[in-house]
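Trainee: any chance you could fold what I've pasted below:
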Amino acid sequence: MTDFSERIAELSERARRDREAFEPPPNPPDEETALEFLTDGVGAAVSLYIEARTGEQFRFDTAEFALLERALNDWLELYAACYGADLDATFTVREAAELLIETHSIRETALLLTHVPERTASEAWTHRR
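Mentor: Residues are numbered from 1 along each chain as shown. All right, here's what the predicted structure looks like:
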């Protein structure tokens, strides 16, 4: 098992535990917890993908890639739930990585993918790509 394979397995297991332990906030938003899911979860998954694709060109096998994307989407769903939004996330780790490279912000990446939290018209205008 490669270092990347071990790290993917760890991320997958952590996402599973986070999903099982999650209790929706009684009064959304819970921005602190949402940010934790982004930095410790989404950010870790996307960073691993970027490192694997730009370093030694690690090749994900089908199962590893599925685990990494499921973990990413689990954390994005938990992030949205912290804002009281129900999300059925089906994003690719590649599109998340491309947005992170473009925006340099895990928050902006999550917002662009999930549309959570919803932006006002003036905020949407100032953040157009």
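Trainee: not counting sequence-adjacent ones, nearest residue to the residue nearest to the spatial centre of the chain?
Mentor: Note on the chain: the residue nearest the mean C-alpha position is V42, at 2.8 Å, using C-alpha atoms, centre = their mean. Nearest in space to V42, with sequence neighbours left out and distances taken as C-beta to C-beta, 6 or more residues apart in numbering, is W75 at 4.8 Å. For every residue, glycine as well, the C-beta is placed using N, CA and C.
Trainee: and that neighbour, helix, strand or coil?
Mentor: helix (DSSP: H, G, I helix; E, B strand; the rest coil).
Trainee: show me where pLDDT drops low in this structure?
Mentor: 1, 55-56, 120-129 (pLDDT under 70).
Trainee: helices of this protein, residue ranges please.
Mentor: All helices of the chain, identified by DSSP state H, fall at 3-21, 31-36, 43-54, 62-81, 93-103, 106-114, 121-126.
Trainee: how about residues contacting the first one?
Mentor: Helix 3-21 is contacted from outside by 1, 37, 41, 44-45, 48, 52, 58, 60, 64, 67-68, 70-71, 74-75, 77-78, using C-beta atoms under 8 Å, 6 or more residues apart in numbering.
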